[in-house]
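Q: Pasting the sequence and the predicted coordinates here, then a few questions.
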2 protein chains.
Amino acid sequence: MRLSELLGTPLPLIQAPMAGVQGSALAVAVSNAGGLGSLPAAMLGLEALQAELTRIQAQTTQPYNVNFFCHVPPLPDPAQDIRWHTALAPYYQEMGLELASITPGPGRMPFSAEAAHLLRAFKPPVLSFHFGLPSPALLEVVRSWGAKVLASATTVEEALWLQAQGVDAIIAQGLEAGGHRGHFLSDDLTRQMGTFALLPQIVRAVSVPVIAAGGIADAQGVAAAMALGAAGVQVGTAYLLCPEATTSAIHRAALQSEAAQHTALTNVFTGRPARGILNRVMREQGPISAAAPAFPLATAAMAPLRAAAEREGSGDFSPLWSGQNTSGCRALPAAELTRLLAQGF
Amino acid sequence: MRLSELLGTPLPLIQAPMAGVQGSALAVAVSNAGGLGSLPAAMLGLEALQAELTRIQAQTTQPYNVNFFCHVPPLPDPAQDIRWHTALAPYYQEMGLELASITPGPGRMPFSAEAAHLLRAFKPPVLSFHFGLPSPALLEVVRSWGAKVLASATTVEEALWLQAQGVDAIIAQGLEAGGHRGHFLSDDLTRQMGTFALLPQIVRAVSVPVIAAGGIADAQGVAAAMALGAAGVQVGTAYLLCPEATTSAIHRAALQSEAAQHTALTNVFTGRPARGILNRVMREQGPISAAAPAFPLATAAMAPLRAAAEREGSGDFSPLWSGQNTSGCRALPAAELTRLLAQGF
């Protein structure tokens, strides 16, 4: 089956879900332009999720995607928290903040029975998962209304695993991609491949449609991904300057600066490796830090630093998520950007 | 100018120079098939270089490329040598070898006045350089017979630097590529980009032709690189199984095994990061080791281990250079492989 038939969209183009920098507005704009808009649900509580889904259904009759993380929440590790707080203490002192002000919070929630139950009322036509898949029982729930299931693979092994679990399509996430790496069978980052190597090897290994992600920034990138055997593409970074995205002014400025030439995988913001533009805390604490608690627990202690720095107009403690190719970032309405990308098909 | 006009070849396709696994035979086969064959000179003494050039000129009238490294040889560092020998000592003991048997050797020589003088008699039509460029004085020598000059860039900054030095074309070496990374302005590996991100950004930044390298394994890969704006491609890994390559049986077996799914950048074989299939010494000592001496001095102490292990049929201490995409490796004559790749233009 062609990917656009599977997704029910005119274009085999998915707007990558990007938690923290977009909500329903971007998803609606892309879906109404013929792509598959995505709502990132990882940082939404159930009420917020319901509100966002309500907005989407009010504003489009086109298919859309809801994206969830599938991590296993870690057990609290007070010793690791102390290591992390000690590492960050000099910043707290510098900025006149109190470590005691840190409020532990979930940060990012995995897909849950409660979320599945809530979704049932909206019947989103597509769900995509990062960090593996939810339990078979939860998958059965989302299958009950006919949702198509997509998931990210960062190695051939992960793609074969996902296919064996019955996913409808696989997102091959190349190393160029911004935000969190989707790996789930091994956390050895040397296993992660560039799109040019990963995509054709996954295409060759599986029989389901493969969606290319990572480094695709414009119509030429779309054409190149299709030449490598992709059934469609998922594009994130290029949408970050769109007015419908909620990307902060600091983040927008970084994406348009020379700084965007240098991204890195870092765990200092959440505890899991994610690609962002190199900034002060990444440079000084990592980009990969052994002191960072397990995902998503690193976030709690970083949040006050981020908030204080952003109040001063600084992105020194902000996750400036970005892929390695910002050359396609355009401050254009998402519909227009979608049409530009679609010229690559 | 189109790249094939610049190179004087029917095809804008360069066989990547791969020191240690090929000599004149592969270069001749590719040049005679319409591509640009390459002779890697980094591990050749002057006599061997002369012999190889003589063989090439006897076997083809087509253009060919000679590739040199441009590193600055490091000063001896006895303290670092002791660290390295200490790290490797358990292997010496395990294999019944004596650390005293290590013979310091240059390993890999940079381009030199002597080499330039020797080349003058052969007037190779193309020279390519890795790790930057030789001195302007040496470049002037090779320009004297009209040689075209190519060099590798791994960042946009390096591409701009090379263009400013007057190179005729730039090889954009994506992170997927096998063998040594060509970086020369920064040794921060987080700056290295996948081909999908690096290539279009270099194409946009410079006015000289850009040759894509890294992850290109078959005609689809060639087509994808051209879609991203490349003027041509450089392909290495795919040629490693050709009968004209001197790839060892151990290396050939690894390339065709599941092990090839997991490559990594390692400095344990030479002192500089290079991509190879993960093996025992990479796993146990690195893949990046702080104990490894500066390039190319790490090689001397690894050589006896490699030789002893290979005598037992083991690649545990061998550099199994490979890109991240071995899906195009074919035990076919190089001319045939070249024709298959050319279907992507």
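A: Nice, I can see it.

Q: SS state for residue A:150?
A: Using DSSP: H, G, I helix; E, B strand; the rest coil, the structure places residue A:150 in strand.

Q: That one contacts residue A:163, correct?
A: No - between residue A:150 and residue A:163 there is no contact under C-beta atoms under 8 Å: 11.9 Å. Every C-beta, even on glycine, is put in place using the N, C-alpha and C of the backbone.

Q: Show me which of these two is the more surrounded one.
A: The neighbour comparison of residue A:150 against residue A:163 (other C-beta atoms under 10 Å in any protein chain shown) goes to residue A:150, with 28 against 19.

Q: Can you check the pLDDT for that one?
A: pLDDT, residue A:150: 98.

Q: the strands in chain A, which residues?
A: A:13-15, A:37-40, A:64-69, A:126-130, A:148-153, A:169-173, A:179-180, A:210-213, A:232-235, A:263-266, A:274-277 (DSSP state E).

Q: Contact partners for residue A:233?
A: A:12-14, A:211-213, A:216, A:221-222, A:225-226, A:341, A:344 (C-beta atoms under 8 Å, 6 or more residues apart in numbering or on different chains).

Q: now, which of those lie close to chain B?
A: A:216, A:221, A:225 (C-beta under 8 Å from any C-beta of the partner chain).

Q: Please name the residues that touch the second one.
A: For residue A:221, the contacting residues are A:215, A:233, A:235, A:325, A:328, A:344, B:196, B:200, B:228, by C-beta under 8 Å, 6+ apart.

Q: Check those against residue A:181 and report the nearest one.
A: residue A:215 (13.9 Å; C-beta to C-beta).

Q: Give me the pLDDT for the closest one.
A: At residue A:215, the model reports a pLDDT of 98.

Q: Just give me the neighbour total for it.
A: 34.

Q: And for residue A:8?
A: 13.

Q: got it, and residue A:86?
A: Neighbours of residue A:86 using other C-beta under 10 Å come to 11.

Q: show me what contacts residue A:288?
A: With C-beta under 8 Å, 6+ apart, residue A:288 has these contacts: A:189, A:265-267, A:273.

Q: can you pick the most crowded of those?
A: Neighbour-wise, these (other C-beta under 10 Å) top out at residue A:266, 28 neighbours.

Q: Quickly list what the residue nearest to residue A:162 when sequence neighbours are not counted is bridged to.
A: Spatial nearest neighbour of residue A:162, chain neighbours left out: residue A:151 (5.0 Å); criterion: C-beta to C-beta, 6 or more residues apart in numbering or on different chains. Beta bridges link residue A:151 to residue A:129, residue A:170 when assigned by DSSP bridges.

Q: List the residues that contact residue A:151.
A: The neighbours of residue A:151, taking C-beta under 8 Å, 6+ apart as the test, are A:128-130, A:132-133, A:162, A:167, A:170-171, A:182.

Q: rerun at 7 Å
A: Neighbour list for residue A:151: A:128-129, A:133, A:162, A:167, A:170-171 [criterion: C-beta atoms under 7 Å, 6 or more residues apart in numbering or on different chains].

Q: do you know how far it is from residue A:39?
A: Distance of residue A:151 to residue A:39, given as C-beta to C-beta, to the nearest Å: 16 Å.

Q: for residue A:279, same thing?
A: 27 Å.

Q: And for residue A:134?
A: Taking C-beta to C-beta as the measure, residue A:134 falls 17 Å from residue A:39.

Q: Can you pull the domain assignment for chain A?
A: A:1-71+A:108-242+A:329-345, A:76-106+A:257-325 (automatic domain parsing).

Q: possible to save those as TSV with distance to residue B:53?
A: Listed next are these as TSV, based on distance: least, C-beta to C-beta, whole Å:
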stretch	distance to residue B:53
domain A:1-71+A:108-242+A:329-345	33
domain A:76-106+A:257-325	39
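
Q: Pick the most deeply packed of those.
A: Greatest average neighbour count among the domains of chain A goes to domain A:1-71+A:108-242+A:329-345 (a mean of 22), per mean count of other C-beta atoms under 10 Å in any protein chain shown.

Q: now it: how far from the chain's centre is it?
A: Distance, stretch centre to chain centre, for domain A:1-71+A:108-242+A:329-345: 8 Å (C-alpha atoms, centre = their mean, to the nearest Å).

Q: ok, for residue A:36, nearest residue in space, not its chain neighbours?
A: residue A:14 (4.6 Å).

Q: Below-threshold pLDDT in the stretch 201-345 of chain A: ranges please.
A: Along the stretch 201-345 of chain A, segments meeting pLDDT under 70 are nowhere present.

Q: and residue A:198, what does it touch?
A: A:172, A:174.

Q: And the pLDDT at it?
A: 98.

Q: Check residue A:109 too.
A: pLDDT, residue A:109: 87.

Q: Not counting sequence-adjacent ones, nearest residue to it?
A: Once flanking residues are discounted, residue A:109 sits nearest to residue A:42: 6.8 Å by C-beta to C-beta, 6+ apart.

Q: go on, residue A:81?
A: residue A:293 is the one closest to residue A:81 (C-beta to C-beta, 6+ apart), at 6.1 Å.

Q: what's the spacing between residue A:151 and residue A:214?
A: 15 Å.

Q: Would you agree residue A:215 is in contact with residue A:327?
A: No - using C-beta atoms under 7 Å, residue A:215 makes no contact with residue A:327, being 9.8 Å away.

Q: can you map out the helices along chain A?
A: A:3-7, A:24-32, A:46-59, A:78-94, A:113-120, A:136-143, A:156-164, A:195-205, A:219-227, A:249-255, A:280-285, A:298-311, A:334-342 (DSSP state H).

Q: Where does the stretch 1-150 of chain A get nearest to chain B, residue-wise?
A: In the stretch 1-150 of chain A, the residue that lies nearest chain B is residue A:16 (14.4 Å; C-beta to the nearest C-beta).

Q: Considering the contacts of residue A:233, which is situated nearest to residue A:63?
A: Distance to residue A:63 across these (C-beta to C-beta) is lowest for residue A:14, with 10.4 Å.

Q: wait, that closest one sits on residue A:211?
A: Yes - with contacts counted by C-beta under 7 Å, residue A:14 reaches residue A:211, the gap being 6.3 Å.

Q: Can you check which residues contact both of those two?
A: Joint contacts of residue A:14 and residue A:211 (C-beta under 7 Å, 6+ apart) are A:232, A:234.

Q: May I have stretch A:125-132 exported as CSV, CA atoms only?
A: Presented in CSV, the C-alpha positions along stretch A:125-132 are these (Å, rounded to 0.1, in the frame of the first residue of the first chain):
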residue,chain,number,x,y,z
PRO,A,125,-6.5,7.9,12.7
VAL,A,126,-2.7,7.6,13.3
LEU,A,127,-0.6,7.1,16.4
SER,A,128,3.2,7.2,16.4
PHE,A,129,5.5,6.0,19.2
HIS,A,130,9.0,6.8,20.2
PHE,A,131,11.3,4.6,22.3
GLY,A,132,9.6,1.4,21.2
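
Q: How about residues contacting it?
A: Contacts for stretch A:125-132 (C-beta under 7 Å, 6+ apart): A:7-8, A:17, A:36, A:38, A:63-71, A:111, A:142, A:147-152, A:171, A:180, A:182, A:184.

Q: Then stretch A:72-83?
A: Contacts for stretch A:72-83 (C-beta under 7 Å, 6+ apart): A:110, A:291, A:293-294, A:297.

Q: That stretch - what's its average pLDDT?
A: Rounded mean pLDDT across stretch A:72-83 is 93.

Q: distance between that stretch and the chain's centre?
A: Chain-centre distance of stretch A:72-83: 23 Å, with C-alpha atoms, centre = their mean.

Q: can you list the residues of the stretch 101-250 of chain A near chain B?
A: Proximity of the stretch 101-250 of chain A to chain B (C-beta under 7 Å from any C-beta of the partner chain) is limited to residues A:156, A:174-176, A:190-191, A:193-197, A:200-201, A:204, A:214-217, A:220-221, A:223-224, A:227-229.

Q: Isn't residue A:220 up against residue B:230?
A: No - at 10.3 Å, residue A:220 does not count as touching residue B:230 under the criterion of C-beta under 7 Å.
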